[in-house]
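>>> I'll drop the sequence and a predicted model, then ask my questions.
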Amino acid sequence: MIHDVAVAIRRLQRDDKIRTAMTVDCDVHQGNGTASIFAGTRTASALLPSSSTSTVEQPATAPRGGKMRGAHAGDVFTISLHQHNNYPLWKPPSSIDVDLPDGTGDDDYLAWLDNALSSGLRQFEPDLLCYVAGADPYREDQLGGLDLSIDGLKRRDELVFRVAHARGIPVMVTIAGGYAQNVEDTVTIHCNTVIAAKEIFT
């Protein structure tokens, strides 16, 4: 799937449909595919709080628990919001990585996502936003360890769509993840992504 996202972006660039793109990966697992595929010459960002060797301080307004680190890269800007203690063990750097602790719930997750989108869009102007709408941050997912509710995941989708819509940025969506014990929950989460898009864009 991530390979397909990368291929779609590169084809659109090749055909002069877009010049720049931003990926926003909200799967519970780090977006190592897009991070690796679109890795380029990176320069450390002074705008981000960091869990790396940077001396940038965590802002007082940051939500609890997580850590945001980042670097700018090329013509595709990658954002990954993921559970830190999950696959993959080694996480290649995205333009912005938000490493969330186990058990992060709706409010903190949404605050981190809002921070990451705001920071990314201050640094980069995408012609297209590619949104990976994972269902696996759900609290009952069997392969995840975050604590988002079904309503929280829909609010996540709405936030991404609202931010893009306000800036006139087209959005390409791929659904991802989703391993809830109750399959109907996963279906509901994915359907809510479509409903959120319809509510924001029509």
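Arrived safely, thanks for sending. Numbering: from 1, shown residues only.
>>> Quick check on the closest residue to Gly31 other than its chain neighbours: phi, psi?
Residue nearest to Gly31 in three dimensions, not counting chain neighbours: Asp25, with 3.2 Å by C-beta to C-beta, 6 or more residues apart in numbering. The way it works is simple: take the backbone N, C-alpha and C, and place the C-beta from them, glycine included. Per-residue torsions, Asp25: phi -100, psi 110 (degrees, to the nearest 10).
>>> hey, what's Asp25 bridged with?
Ser80, Val132 (DSSP bridges).
>>> Test my guess that it contacts Val132.
Yes - with contact defined as C-beta atoms under 8 Å, Asp25 and Val132 form a contacting pair (4.2 Å).
>>> circling back: what sits against the residue nearest to Gly31?
Each residue near Asp25 by C-beta atoms under 8 Å, 6 or more residues apart in numbering is listed here: 31, 34, 78-82, 94, 132, 134, 176.
>>> List buried residues within the residues you listed.
Listed as buried from these are 31, 34, 78-82, 94, 132, 134, 176; burial here means 16 or more other C-beta atoms under 10 Å.
>>> Okay, now the unreliable bits of this structure?
1-2, 40-73 (pLDDT under 70).
>>> Helices along that one, start to end?
For the chain, applying DSSP state H gives helices covering 2-14, 32-37, 106-123, 150-166, 183-201.
>>> possible to save those as JSON lines with distance to Leu89?
Shown next, in JSON lines, are the helices of the chain (distance: least, C-beta to C-beta, whole Å):
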{"stretch": "helix 2-14", "distance to Leu89": "18"}
{"stretch": "helix 32-37", "distance to Leu89": "10"}
{"stretch": "helix 106-123", "distance to Leu89": "22"}
{"stretch": "helix 150-166", "distance to Leu89": "25"}
{"stretch": "helix 183-201", "distance to Leu89": "25"}
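>>> so which of those comes closest to Tyr87?
helix 32-37 (8.4 Å; C-beta to C-beta).
>>> Going by neighbour count, which residues in the closest one are buried?
Residues of helix 32-37 classed as buried by neighbour count (16+ other C-beta under 10 Å): 32-35, 37.
>>> same thing with stretch 109-127?
Under the neighbour-count rule (16+ other C-beta under 10 Å), stretch 109-127 has 109-113, 115-117, 119-121, 123-124, 126 buried.
>>> Just give me the neighbour total for Asp107.
Asp107 is flanked by 13 other residues according to other C-beta atoms under 10 Å.
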